[in-house]
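Asker: Dropping the sequence and predicted coords here.
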Amino acid sequence: MDILGIFRAEANRRLSNAGINGTVEPAKEGFGDFTFPCFPLAKELRKNPAAIAKELAEKIEPGTYFEKIEAVGPYLNFHISTKKLNEMTIQAILSRKLYAEPVREKIVLEHTSANPTGPLHVGRARNPIIGDTMARILRAYGHEVEVHYFVNDAGMQVATLLWGIKNLPTIQRHEKCDHALVRNYQTASKLASEKHEIEMEIRELMKRYESGDEELRKLAKEKVGCVLKGIQDSLERLNIKIDRFVWESELIPKAKEIALLLKEYVEEEEGAYYLNLKKMGIELQKNKFFLYRSDGTTLYFLRDIAYHMYKGELANILIDVLGEDHKLHFQAIKEVVEKLNPEISVSPLFYSFVRLPEGKMSTRKGTVVYLDDLIDEGKEKALEILKERNYTEQEMDEIAERIATSSIRFAILNIQEEKPIVFRWEKALSFEGESAPFVIYTYARACSILRKSEEKTSIDYTRLTHTQERKLIKLMAQYPDIIKQAVNNLSPYVMAKYALALAMQFNQFYRDCPVLNAEPELKNARLALVKAFKEHMGTILKILGLATLEKM
RNA sequence: GGGCGCGUGGCCUAGCAUGGAUAGGGCACCAGCCUUCUAAGCUGGGAGUCGCGGGUUCGAAUCCCGUCGCGCCCGCCA
C-alpha cells in the first residue's frame, strides 16, 4: 500500500478539479508535503506566478486529506493531514501492508562469479554485496529471484591453477583451500608469463581438460570445488547465499550447439573463429568476438552466451552484476542473447572498481586485501568495544562478527555503484557516523524501549503531533517510493541512504520525545510509533543484509 | 586515438533520470551534552567559484556543446 501515493493522487485530483493541467511534486522540507510550482502557468495565463498560487489557494478546499493548502510565493503547498497520515502509516506497518507489492516476475540474478583461483579480495567484494542486496530488494518488492554464481572452471586461469597444483608443492597451513591454493596459482601465473614452454603446457592442459580428460576433470572438480567452498564460506559470513552454482565446463556442449546456430555470422581467422556482430546487424565499439581458439577450445564469450541462454530457460528477466571492465562484453552478450531469444531481457548492474591507495588489486600479482582478513580485523575492533559491556564470551563473539560483516556491507552499499572506491581500512570498518552500527543502533534503542513497556491496544493517533514524530512517520510512509526507485534503477545504494535517513530521524525523535515517561495516552501512541519503527527498520536492515541486533 | 563512466568544503559522500524556494550528510577539527527510554548517540561552530569555459531558460550542481583530469574497455584473458 502506497500511502503517500494516495495523498498525492488526492492533491492531483484537487488541481484537476480547479481546472489545472499539472501534477504536484514532493515539497522541500518546511514547505508542506507536496508542492505545485506555478512558474509554467505564468506564461500561459500572463499573470505572475505568486498571484496564480494565491488564487488557487483560495479556490481549492483541503477536505479531510489535507490540513491546509496555501500559497507561499509562487508555490502552492499542500500539507497532509497529520492524523490521517499517522494512523494509516502506523497501521499499515504493523499489519505489514506497507510491503510486498504483488509483482512476482521470475528473475535470475547473477553475481560474484569470481574465478575460483583464490580467496575473495575486497575489490571483488563489491560484487556480492551489491548483488545480494539487489536480490533482497527485488524479493521484497515481490519478485521471485534465483541467485546464480557462474563458476569459471573452463578458462585459462583454471588451467593455470591446475598446472600449479600438479607441478608445485602446496603448502597447506591451517587455512581454507582458497588461501592455500592461491599461492600455487600465483606462482604458476608468474612462471607462465616468464617461460613460454610453461605457458604451452598450460594451454595443453586446457585442451585436455576441455576434451574431457578424466584425470583432469577429477582434479578440477576436487580442487576448484575446494576453492569455491572457501569463497562460499566467505560469502556466508557476509550473509550471502547463492541459490545455484552453474559450472562453465558443463555448458561446453551447449556452447558448441549455439555456435552452430550462429554459424552464418561466424568467420575464420588463422584457424580461430569469431562472431561478426556487424553481420548480425549489431554495431558496437568492437564487432569481432572470438568464439573458438585455433586449437579448437571454446572462449568465454561463447560460453557466456550459452550460460545466458540457459538462464533464459529459467526466467525471462536476467540481471548481471558486473564490474565496469565487462561493459563491452556485456553489450555484446545482451545483443546476441536477445536476438537469439527475444523473450529474454538482460540488464546489467555495473559497479566501479575498488582500488587500494597504491593502485589496482590483482590476485595474480598478490596485491590484495583478502575479504576474510578484513572481516577478522573488523571483528577484533568490535570486540574491543564490546569488552567494556556486559556480555558472555559467546554473545560477544556473535555480535562482533555481525557488526564487522554488517559494517563492511554498509560501507560498500553507501556509495553509488558507479563511483570508484579507494579502499581504506578505517573507512571500511568505521563504526560511527554513516555506518552499519549507527543504523543498527537505532534499532537496538527502539527494542530497548519496547522491552521496558507493555503492549497496549487502544491508540489515539491524534496525540502524535510533535514535529519529530510526524517527520519519522512520513519518512516511513515513503518506503514504497524508495523501493520502487531501487528496483527501477537497479540500485541498492538507494536503500542504504534510506536506512541512514530513518536512523537519523529516529535519533531526533528519541532526543525530543520521551516515550516511557510521557503521560499515559501519549505514551501509548508513542509506543505504537516505536513499535512501527522497530518493525520497519527491521525490514530495511534485512533488505540490506545487515544484522538486526536487539542489544548492542 | 575511439567508446563508456566518474569529477561537489582538508578527506569521503547525497542531490543530476523528471531544472525551481537556504547545495544535504559523514570523517577530521573546535566548543558543549550521560543521577531521565543504550553516548556505536545528540547539540553548536568554522570550512563550498558544485573540475573549467560557453549555451538554453524567468531559473542550471541538474539539460546541451566544448575542454581538462582520473578510471575502465578496445585480447585466440575472463
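Answerer: Cool, the structure landed. Numbers count the residues shown, from 1 in each chain, chains lettered A, B, ... in the order given.
Asker: Let me see the ranges of the helices in the stretch 251-400 of chain A.
Answerer: Assigned by DSSP state H, counting those that start in this stretch, the helices in the stretch 251-400 of chain A fall at A:252-261, A:300-314, A:327-340, A:371-386, A:393-413.
Asker: Am I right that residue A:78 is in a strand?
Answerer: Yes - judged by DSSP: H, G, I helix; E, B strand; the rest coil, residue A:78 forms part of a strand.
Asker: Neighbours of the nearest residue to residue A:36 once chain neighbours are set aside, how many?
Answerer: Of all residues not flanking residue A:36 in the chain, residue A:76 sits nearest, at 4.3 Å (Cβ to Cβ, 6 or more residues apart in numbering). C-beta coordinates here come from the backbone N, C-alpha and C atoms, glycine included. Around residue A:76 sit 31 other residues, with neighbours defined as other Cβ atoms under 10 Å.
Asker: And the pLDDT at residue A:76?
Answerer: We have a pLDDT of 94 for residue A:76.
Asker: Hmm, it is touching residue A:41, no?
Answerer: No - taking contacts as Cβ atoms under 8 Å, residue A:76 lies outside contact range of residue A:41: 10.0 Å.
Asker: re earlier: how about the residue nearest to residue A:36: which residues does it bridge to?
Answerer: residue A:36, residue A:71 (DSSP bridges).
Asker: Put the alpha carbons of stretch A:240-255 into CSV.
Answerer: Provided in CSV are the C-alpha atoms of stretch A:240-255 (Å, rounded to 0.1, in the frame of the first residue of the first chain):
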residue,chain,number,x,y,z
ILE,A,240,25.1,-14.0,1.2
LYS,A,241,23.6,-17.2,-0.1
ILE,A,242,23.8,-18.4,-3.7
ASP,A,243,20.9,-20.5,-5.0
ARG,A,244,22.6,-22.2,-7.9
PHE,A,245,26.2,-22.7,-9.0
VAL,A,246,26.5,-23.2,-12.7
TRP,A,247,29.8,-24.8,-13.8
GLU,A,248,31.0,-23.4,-17.0
SER,A,249,32.6,-26.7,-18.2
GLU,A,250,29.2,-28.3,-18.2
LEU,A,251,27.9,-25.8,-20.7
ILE,A,252,30.5,-26.5,-23.3
PRO,A,253,28.3,-28.9,-25.3
LYS,A,254,25.5,-26.3,-25.2
ALA,A,255,28.0,-23.6,-26.2
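Asker: Name the residues of it that are buried.
Answerer: A:240, A:242, A:246-249, A:251-252, A:254-255 (16 or more other Cβ atoms under 10 Å).
Asker: now swap in stretch A:270-289 and tell me
Answerer: Across stretch A:270-289, burial judged by 16+ other Cβ under 10 Å covers A:273-275, A:277, A:280, A:282, A:289.
Asker: for it, how far is the first residue from the last?
Answerer: 14 Å (Cα to Cα, to the nearest Å).
Asker: Can you give the distance of that stretch from its chain's centre?
Answerer: Centre-to-centre, stretch A:270-289 and its host chain are 33 Å apart (Cα atoms, centre = their mean, to the nearest Å).
Asker: what does it contact?
Answerer: A:259, A:262, A:264-267, A:290-294, A:301, A:328, A:331-332, A:335-336, A:339 (Cβ atoms under 8 Å, 6 or more residues apart in numbering).
Asker: Of these, select the buried ones using a ChimeraX command.
Answerer: Applying 16+ other Cβ under 10 Å to these, the buried members can be selected in ChimeraX as follows:
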select /A:259,262,265,266,290,291,292,293,301,331,332,335,336
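Asker: rewinding a little: quick check, nearest of the buried residues of stretch A:270-289 to RNA strand B?
Answerer: residue A:274 (7.3 Å; Cβ to the nearest atom of the strand).
Asker: Specify the beta-bridge partners of the closest one.
Answerer: As for beta bridges, residue A:274 partners with residue A:267, residue A:290 under DSSP bridges.
Asker: Turn the buried residues of stretch A:270-289 into CSV, columns for distance to residue A:155.
Answerer: Shown next, in CSV, are the buried residues of stretch A:270-289 (distance: Cβ to Cβ, whole Å):
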residue, distance to residue A:155
A:273, 18
A:274, 17
A:275, 18
A:277, 22
A:280, 25
A:282, 24
A:289, 16
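Asker: Got the phi and psi for the closest residue to RNA strand B within the stretch 51-200 of chain A?
Answerer: Proximity to RNA strand B, evaluated over the stretch 51-200 of chain A using Cβ to the nearest atom of the strand, is greatest for residue A:155 at 2.8 Å. Main-chain torsions, residue A:155, degrees, to the nearest 10: phi -90, psi 180.
Asker: neighbours of the closest residue to it other than its chain neighbours, just the number please.
Answerer: Using Cβ to Cβ, 6+ apart and skipping the chain neighbours, the partner closest in space to residue A:155 is residue A:300 (6.0 Å). Using other Cβ under 10 Å, residue A:300 is surrounded by 18 other residues.
Asker: can you check the one 5 residues further on too?
Answerer: By the other Cβ under 10 Å criterion, the neighbourhood of residue A:305 contains 25 residues.
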